[in-house]
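**Q** Model the structure of this input:
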Amino acid sequence: AQPSPQHGVQHWLPPELPLLQNEAGSLVVPQTWRYVPPPLECQPRRPSAPSAASIAAEAPAAVSASRSCSSTAPVGVEGDKREAEDEDGEEEEILPLDTAAKQALLDDIVEHLMARADGCQQELSQEQRANRALKMALEVEQRKTAMLQQQLAWMAHHAGYQYASVEDGSHADVALQPEGHENGHLAVSSPGTEMLLQ
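**A** This is a model prediction of the structure:
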């Protein structure tokens, strides 16, 4: 026989198990993992209905407190600062500076800026001296390179060399004429042959 709809969920539950309801409103059994009973101290307590006498006694005090708060409530940034100082009680009040204190503070700031400017000027002068030294070293190296190139060109034009003669397998000495020669001919001498090449 099918269960009647009025039985609902209780039809399949054993009669000895209590039926509980969780926070979501679902019916669960205490032995299942779905149900976790909240601790007793965390359960909210329903406030009792206040009596008319207590309401009448608290009303004038609340009105006077609201008036005092509204009259002393600060406005804007200064109000927030005053509230923070009142809550913490540790912040010191900032006193206004007089003319002498302002002058001393201004002198300290100017001295600090002048010291920084002097330090930057010294660093700049050191960098400039190092730059000049590098430029001078570069010029010296360029002059050395030019001198070496000139010496290499002179040796390439004035150095003597030998070549193997095709005739008789003999060696011929080929050399440039010394400086002061009129035509600058190239003299070639061999054991059986002497000739001038223009």
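
**Q** residues near residue 106, how many?
**A** Per other C-beta atoms under 10 Å, the neighbour tally for residue 106 reads 10. Heads up, the C-betas are built off the backbone N, CA and C, glycines and all.

**Q** Are we agreed that it is in a helix?
**A** Yes: counting by DSSP: H, G, I helix; E, B strand; the rest coil, residue 106 falls inside a helix.

**Q** From residue 100, how far off is it?
**A** From residue 106 over to residue 100 the distance is 11 Å, taken as C-beta to C-beta, to the nearest Å.

**Q** With residue 120 instead?
**A** From residue 120 to residue 100 the distance is 31 Å (C-beta to C-beta).

**Q** Are there helices or strands packed against the one helix or strand residue 116 maps to, and which ones?
**A** Using DSSP states H and E, residue 116 sits within helix 99-158. Under the contact definition 3 or more C-beta pairs under 8 Å, 6 or more residues apart in numbering; DSSP states H and E, helix 99-158 sits against no other helix or strand.

**Q** Apply 10 Å and report the result again.
**A** strand 171-176 (3 or more C-beta pairs under 10 Å, 6 or more residues apart in numbering; DSSP states H and E).

**Q** ok but residue 95 is inside a helix, no?
**A** No: going by three-state DSSP, the assignment for residue 95 is coil, not a helix.

**Q** quick one, phi/psi of it?
**A** According to degrees, to the nearest 10, the main-chain angles of residue 95 amount to phi -90, psi 140.

**Q** Run through the residues that contact it.
**A** residue 101 (C-beta atoms under 10 Å, 6 or more residues apart in numbering).

**Q** Check the gap between it and residue 109 for me.
**A** 19 Å.

**Q** What of residue 94?
**A** Per C-beta to C-beta, residue 94 is found 18 Å from residue 109.

**Q** who's more crowded, those two?
**A** Taking neighbours as other C-beta under 10 Å, residue 94 and residue 109 compare with residue 109 leading, 10 against 7.

**Q** ok, that one - contacts?
**A** With contact set as C-beta under 10 Å, 6+ apart, residue 109 has no partners.

**Q** That one and residue 100, how far apart?
**A** Where residue 100 is concerned, residue 109 sits at a distance of 15 Å (C-beta to C-beta).

**Q** Then residue 138?
**A** 57 Å.

**Q** again with residue 135
**A** 53 Å.

**Q** Ok, residue 128 next?
**A** 42 Å.

**Q** Kindly report the same for residue 127.
**A** Counting by C-beta to C-beta - residue 127 and residue 100 are separated by 41 Å.
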